[in-house]
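A.B. asks: sequence and predicted structure, then a few things I'm wondering about:
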Amino acid sequence: DTGVSQNPRHKITKRGQNVTFRCDPISEHNRLYWYRQTLGQGPEFLTYFQNEAQLEKSRLLSDRFSAERPKGSFSTLEIQRTEQGDSAMYLCASSLRPNTEAFFGQGTRLTVV
Amino acid sequence: AQTVTQSQPEMSVQEAETVTLSCTYDTSENNYYLFWYKQPPSRQMILVIRQEAYKQQNATENRFSVNFQKAAKSFSLKISDSQLGDTAMYFCAFMGVYSGGGADGLTFGKGTHLIIQP
């Protein structure tokens, strides 16, 4: 296991289309986090899972955003009806326990045209 | 809600010099963790150092050390003997710990772009 894996690395989509990103955490990591990072800013926390349970989703940016982790392993982040303002880097991280080091993936760069 | 402020958008030093990056935070939590993350141009975030708020001793990791001032809500990072590979964005981050031991996601500052000149 080489770390947190995110796919795709880059995604270009037309405004109004739906997109889905995948994150494969480090195996045996129970916690999985999603962040959004826009240019010149630090990552912004979106949501997280403890195994398959989504424990925080109030910070998802709008109801167009949703995330799943169906079997407590990989996770998907979906954005419906994309807007130009959704263009950003979407980062996934995982950790073994709540207060331990979070390991980040390389991110998915979304461009909405 | 907590906030993290990094007041230095960019810093540049010569190789082998010592540099200090500033970070202040605001929270009503009493139990929390503070982190410094490094994000090189390849964009993968890497943990540099971590500090538990209940520990008075400042954390140290090789050339990296912190100055944690809990009362002042200040958490600066010192890099000694800086190297070209230290060039990156550096983010200060906060994580609150709940009474049950659970924790939320990280709250990041805007980052400091550190450039090490040869």
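C.D. replies: Good, I have the coordinates. Residues are numbered from 1 along each chain as shown, chains lettered A, B, ... in the order given.

A.B. asks: ok, A:L91 - contacts?
C.D. replies: Under the criterion of CB atoms under 8 Å, 6 or more residues apart in numbering or on different chains, the neighbours of A:L91 are A:Q6, A:W34, A:Y35, A:R36, A:Q37, A:P43, A:F104, A:G105, A:G107, B:M45. Where C-beta positions appear, they are placed from N, C-alpha and C, glycine not excepted.

A.B. asks: which of these fall within strands?
C.D. replies: Secondary structure from DSSP state E places A:Q6, A:W34, A:Y35, A:R36, A:Q37, A:F104 of those in strands.

A.B. asks: re earlier: of the contacts of A:L91, just say which sits nearest to B:Q2.
C.D. replies: The closest of the contacts of A:L91 to B:Q2 turns out to be A:P43 (CB to CB; 14.5 Å).

A.B. asks: low-confidence bits of the chain, can you list those?
C.D. replies: The chain I'm using is chain A. Applying pLDDT under 70 to chain A flags the ranges A:1.

A.B. asks: that's the wrong chain, I wanted chain B
C.D. replies: B:99-103.

A.B. asks: before we move on, back to that, nearest to B:V19, of the contacts of A:L91?
C.D. replies: In terms of CB to CB, no member of these lies closer to B:V19 than B:M45, at 19.6 Å.

A.B. asks: pretty sure that closest one sits against B:Q39.
C.D. replies: Yes. The pair B:M45 / B:Q39 is scored as a contact, 5.1 Å apart, by CB atoms under 8 Å.

A.B. asks: residue contacts, residue 61?
C.D. replies: Looking at chain A here, since you left the chain open. A:L61 sits next to A:R36, A:L46 when contact means CB under 8 Å, 6+ apart.

A.B. asks: correction: the question concerned chain B.
C.D. replies: Counting by CB under 8 Å, 6+ apart, B:E61 touches B:V48, B:I49.

A.B. asks: list the contacts of residue 73.
C.D. replies: Answering for chain A, as no chain was given. Applying CB under 8 Å, 6+ apart, we find A:S73 in contact with A:D24, A:P25, A:S27.

A.B. asks: the chain in question should be chain B.
C.D. replies: Taking CB under 8 Å, 6+ apart as the contact definition, B:K73 lies against B:T24, B:Y25, B:D26, B:T27.
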